[in-house]
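[1] following is a predicted model, sequence given first.
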Amino acid sequence: MTLTRLPFRAGLLAGLIAASGIAGAQPAPQPPEPTAPVFPMTDAAPRPMGAPRAQAALPAPLPEARPGPMAAPLPEPRPVPVAGPLGIPPMAQASVSGTLARWLINPNGEADGLLLQDGTQISFPPHLSAELTAMVRPGERIDATGWRATEGAPIQAQQIGARGRMVVDQPPAPGAVPPAPRPMGALAAMNAGGRIVRVLATGRGDVNGVLLEDGTIVRFPPHVGRMISGLLQPGAALYAQGWGTRGPLGAALEATRLGASPQALQDVLSGSVDVPAPRPGPQPGPQRRPV
């Protein structure tokens, strides 16, 4: 039994050895060779490769700047005063001293300005009338500080001093109770006429009245002053009708008609109309506008 199995084992062993020798003799697998890429076929012919673009030529260098002759320096601009709203000229601070010649009053009989003996006109608010007229009298010296538009124009006073006292135009404090209205007398119909001694103006130089040779003051709005500027010349005759008062400080009226003669009076409020002259005697004052 042993002898029979030996040849079978020897044959199996020889077959295994032969198979392993054949496997070892086979060459190792090689990597595949690279192949050309395959592009999809189209009906269009392949486009030839374009020539490379030439680089853009660089700009030629600028010629070297050479210093030329020196130019003359520009003149410095002149300072221009800055105008206010609507072209109103700016105001400059001003001070003046002199002898009080006379008071200038409004149609209500309140002083709202004065003239010095050298002809300087000074304006101030009418609510200072009582205090100023009680402090100083014509012929006495005063000192005033305020504002004016141009040299020689009337001064809008902020403070006026005399006899060691000073009256200052102070605005009301915030939240303060406004003062009670000043009592005003009724205006009466008035006529005035004569030669113009002085043309009056506001602090900004707008003509708003004249002083006649008899001391009567004729007032009118600035736009009327521009409308009749040809009549408003010192020495020229001027006649007026209107409403005003006569009192301790003088006579003044607000003109409703003006002209170079009594026969040439023109309505300055609503145009040229033919209005009969007021009858002599007291006349009722103008109606008040509804509030």
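    Received the coordinates, thanks.
[2] what ranges of the stretch 151-291 of the chain fall below the confidence cut-off?
    Counting by pLDDT under 70, the stretch 151-291 of the chain has low-confidence residues at 271-291.
[3] would you map the helices across it?
    In the stretch 151-291 of the chain, helices defined by DSSP state H, counting those that start in this stretch lie at 222-227, listed in chain order.
[4] what's the burial count for the closest residue to Ala162 other than its chain neighbours?
    Using CB to CB, 6 or more residues apart in numbering and skipping the chain neighbours, the partner closest in space to Ala162 is Val136 (3.9 Å). In short, each C-beta sits where N, CA and C put it, glycine included. Neighbour count of Val136, defined by other CB atoms under 10 Å: 19.
[5] OK, contacts around Val136?
    By CB atoms under 8 Å, 6 or more residues apart in numbering, the contact set of Val136 is 100, 142, 160, 162-163.
[6] which of these tops the neighbour count?
    Highest neighbour count within these: Ile160, with 25 neighbours (other CB under 10 Å).
[7] which of the residues in stretch 218-236 are buried?
    Within stretch 218-236, the residues that qualify as buried are 218-221, 224-225, 228, 231-232, counting by 16 or more other CB atoms under 10 Å.
[8] circling back to that earlier point, if we take the contacts of Val136, which one ends up nearest to Val210?
    Val210 has its nearest neighbour among the contacts of Val136 in Leu100, at 20.1 Å by CB to CB.
[9] which non-adjacent residue is nearest Leu132?
    Distances taken as CB to CB, 6+ apart place Val167 nearest to Leu132, at 5.6 Å, with adjacent residues excluded.
[10] isn't the one you found right up against Gln159?
    Yes: counting by CB atoms under 8 Å, Val167 touches Gln159, with 6.6 Å between them.
[11] mind checking how far the residue nearest to Ala162 is from Thr202?
    Look at Val136 and Thr202: by CB to CB, to the nearest Å, they are 22 Å apart.
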